[in-house]
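1. Give me a model of this one.
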Amino acid sequence: MSSDLTARIEMANPELEGIGNYEYGWSDKDVAGDTAKRGLNEDVVRDISSKKSEPQWMLDFRLKSFEQWKKMKMPHWPHLNLPEIDFQNISYYAAPRKPITADEVDPELMRTFEKLGVPLEE
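-> Here you go, the predicted structure:
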């Protein structure tokens with residue numbers, strides 16, 4: 001989350017002040033998200049469908065849904081001061097990563113499991 005957005009959220013929600021960072025390390029690196037294409041348009045919808053090897057009927061359904069989505073207006077909640085959603089800064093698809101072995105697990109994740117007392121087998 002950008003520091004500007006974080007500041008705006010904290011300004012609109014003073015009760016969040018002082019909460020700090022989550023101490024158990026649940027801030028994994030988002031390698032798949034970092035490389036995923038951002039934004040939403042017809043090309044992105046077609047690309048996602050292609051990457052998932054979907055049948056034509058599913059692509060047609062996605063395109064029809066996307067057309068409907070473009071016509072929708074964001075709801076206005078009178079008592080909430082929420083920031084506008086930047087739909088063009090969202091990654092809508094990231095290809096699944098291959099399963100990994102215990103030797104390939106991020107050491108930081110292993111430390112988090114140890115802190116929480118969770119055996120790796122779970």
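2. any idea which helix or strand comes after the lowest-mean-pLDDT helix or strand in the chain?
-> Averaged element by element with mean pLDDT, DSSP states H and E, the chain has its least confident helix or strand at helix 31-35 (a mean of 56). Per DSSP states H and E, the first helix or strand lying C-terminal to helix 31-35 is helix 42-51.
3. And that next one, what does it pack against?
-> Packed against helix 42-51, as judged by 3 or more CB pairs under 8 Å, 6 or more residues apart in numbering; DSSP states H and E, are the following elements: helix 56-71. (C-beta placed from N, C-alpha, C; glycine too.)
4. Give the buried residues for the helix it packs on.
-> Buried residues in helix 56-71, defined by neighbour count with 16 or more other CB atoms under 10 Å: Leu59, Arg62.
5. ok, residues contacting it?
-> Contacts of helix 56-71 from elsewhere in the structure, counted by CB atoms under 8 Å, 6 or more residues apart in numbering, are Leu40, Glu42, Val45, Arg46, Ile48, Ser49, Glu54.
6. Nice, that's everything, thank you.
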